[in-house]
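Trainee: Structure here, sequence nowhere to be found:
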């Protein structure tokens, strides 16, 4: 079963300095039909104006993944991590027993765009942890996060995996599920047909009871998607 979440149906929050699209209920946006999917709680597509950002705020027991799509972000947290992430980099902050952090657009002239993803952990009260890596833009599947951190992936505190899939124009890719019962797909760029269903930029899909998915790129540019494997 495949249930599509259309891009235009997502929630929207525009504060002037921040324009954000919410796949699931978040902040002032509430939709009882879209509260998350398995352990996946948040996918926000954030555009931050030059020089603006999120002041220091706290998190508790949440796996927080940021994927920088355009520009660069300045990160600072109460565990002493001070980092700048550029487009293409992934960050995983395990909030554990509690952490404060701030996030700002590193540029005074160019906008910042990034995906903010929250996944509920399967352990609580741990020491906060910070990880950061650029996995490149190779065609095919790149595993970004896994429970064990195998093969130099980010280690996530949940029985879940996150993959990045890049498919050439007119090409296709067969994805075989390796864990869990549920898959969530978020289309970052391009147009793709998953089995018999079309998805466009910004669309998402909840997928259950499917072990194999065929991604057919339907556009004249690369299609990029995130694939979550969840319990």
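Mentor: In hand now; what should we look at? From a predicted model like this one, the values you see are computed outputs, not experimental measurements.
Trainee: The strand or helix carrying residue 132 - contacts with which helices or strands?
Mentor: If you go by DSSP states H and E, residue 132 is part of strand 129-134. If you count contacts as 3 or more CB pairs under 8 Å, 6 or more residues apart in numbering; DSSP states H and E, strand 129-134 packs onto strand 82-86, strand 89-94, strand 154-155. Yep, even glycine has a C-beta here, placed from its N, CA and C like the rest.
Trainee: ok, and for the first one, which residues are buried?
Mentor: Of the residues in strand 82-86, those with enough neighbours to count as buried (16 or more other CB atoms under 10 Å) are residue 85.
Trainee: which residues touch it?
Mentor: With CB atoms under 8 Å, 6 or more residues apart in numbering as the contact definition, strand 82-86 has outside contacts at 66, 68, 71-76, 91, 106, 130, 132, 134.
Trainee: Dump the helices and strands packed on strand 129-134 to CSV, plus mean pLDDT and distance to residue 225.
Mentor: Output for the helices and strands packed on strand 129-134, formatted as CSV (pLDDT from 0 to 100; distance: least, CB to CB, whole Å):
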stretch, mean pLDDT, distance to residue 225
strand 82-86, 98, 21
strand 89-94, 98, 15
strand 154-155, 98, 18
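Trainee: give me the low-pLDDT residue ranges for the chain?
Mentor: For the chain, applying pLDDT under 70 flags no range at all.
Trainee: State the distance from the spatially most central residue of it to residue 171.
Mentor: In the chain, the residue lying closest to the centroid (CA atoms, centre = their mean) is residue 117, at 4.4 Å. According to CB to CB, to the nearest Å, residue 117 stands 26 Å off from residue 171.
Trainee: follow-up on the earlier one: ok, for the residue nearest to the centre of the chain, nearest residue in space, not its chain neighbours?
Mentor: The shortest distance from residue 117 to any non-neighbouring residue, by CB to CB, 6 or more residues apart in numbering, is to residue 65 (4.1 Å).
Trainee: Doesn't the one you found lie inside a strand?
Mentor: Yes. Assignment of residue 65 by DSSP: H, G, I helix; E, B strand; the rest coil places it within a strand.
Trainee: my read: it touches residue 158, true?
Mentor: No. The pair residue 65 and residue 158 does not pass the contact test of CB atoms under 8 Å, sitting 11.0 Å apart.
Trainee: Mutual contacts of those two, please.
Mentor: What both residue 65 and residue 158 touch, as defined by CB under 8 Å, 6+ apart, is the set residue 119.
Trainee: re earlier: ok, the residue nearest to the centre of the chain to residue 16 distance?
Mentor: 24 Å.
Trainee: before we move on, what about residue 54?
Mentor: Plainly put, residue 54 is 14 Å away from residue 16 if you go by CB to CB.
Trainee: residues making contact with the strand holding residue 132?
Mentor: Contact with strand 129-134 is made by 77, 79, 81, 83, 85-86, 88-94, 96, 152, 154-155, as judged by CB under 8 Å, 6+ apart.
Trainee: That strand pairs with which strands, parallel or anti?
Mentor: Using DSSP bridges, the strands paired with strand 129-134 are strand 89-94 (antiparallel).
Trainee: Just want the angle from the following helix or strand past the partner strand to strand 82-86.
Mentor: Toward the C-terminal end, the helix or strand that comes next after strand 89-94 (DSSP H and E) is strand 99-105. Here the directions of strand 99-105 and strand 82-86 differ by 40 degrees (axes from the mean of the first three to the mean of the last three CA atoms, to 10 degrees).
Trainee: and the helix or strand following strand 99-105, which strands flank it?
Mentor: Using DSSP H and E, the next helix or strand after strand 99-105 towards the C-terminus is strand 112-119. Here strand 112-119 is paired, per DSSP bridges, with strand 40-48 (antiparallel), strand 63-70 (antiparallel).
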